[in-house]
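Q: Fold the stuff below for me.
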Amino acid sequence: MSYHLSVYLEDDLHAALSDFAARRGKSLSLVAAAAIASYLSPDTAERQEGAVVRRLDRISRQLERLERDQGLGVEMLALFVRQWLIAMPSVPESGQAAARAKGAERYAAFIEALGRRVASGRLFSREVSFDLPAGQPSAVPGDEHFPTIRRDD
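A: Modelled structure (predicted):
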């Protein structure tokens, strides 16, 4: 049994329905009936909920990666500062101007190298393994696993 139903559509909605039906080679009535059936189907809400859950899961994974990368940056900076404070000798007053000039030169080179690295897509966070072999201690200054920072005086 089928029923006749008159529906009033805005011009833009009618045009979209007509275009869709024409592309599919189907009648307006068939496309409209399928759309109504889909809208009234109880699994529509489940599909929408599933899509939302998938998006939330993806956002959650992205936030976890951001948190991990931020933690990596903080730890990396802390280890560098600690090693720098341990290894860096005091500069006498007479050599401070030269040390500042050398520091500015090194900083400029650092910024240039950082720009090249970021532009190349080779990011440090992708190089780091977050899994330590069983029984291996974490790297701390003074540990044989901690790299020594060398200066070129």
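Q: In this protein, where is pLDDT below threshold?
A: In the predicted model, the chain carries pLDDT under 70 at residues 129-153.
Q: Repeat the analysis, applying 90 as the threshold.
A: Residues of the chain that meet the criterion pLDDT under 90 lie in 1-7, 34-51, 68-69, 71-73, 75-77, 79-91, 103, 110, 113-153.
Q: biggest helix in it, by residue count?
A: Longest helix in the chain, counting residues (DSSP state H): helix 42-87.
Q: and that helix, how far out from the chain's middle?
A: 7 Å (Cα atoms, centre = their mean, to the nearest Å).
Q: That one packs against which elements?
A: helix 124-127 (3 or more Cβ pairs under 8 Å, 6 or more residues apart in numbering; DSSP states H and E). Backbone N, C-alpha and C define where each C-beta goes, glycine included.
Q: which helices and strands does the helix it packs on pack with?
A: helix 42-87.
Q: just checking, next helix/strand downstream of the helix it packs on?
A: helix 96-120 (DSSP states H and E).
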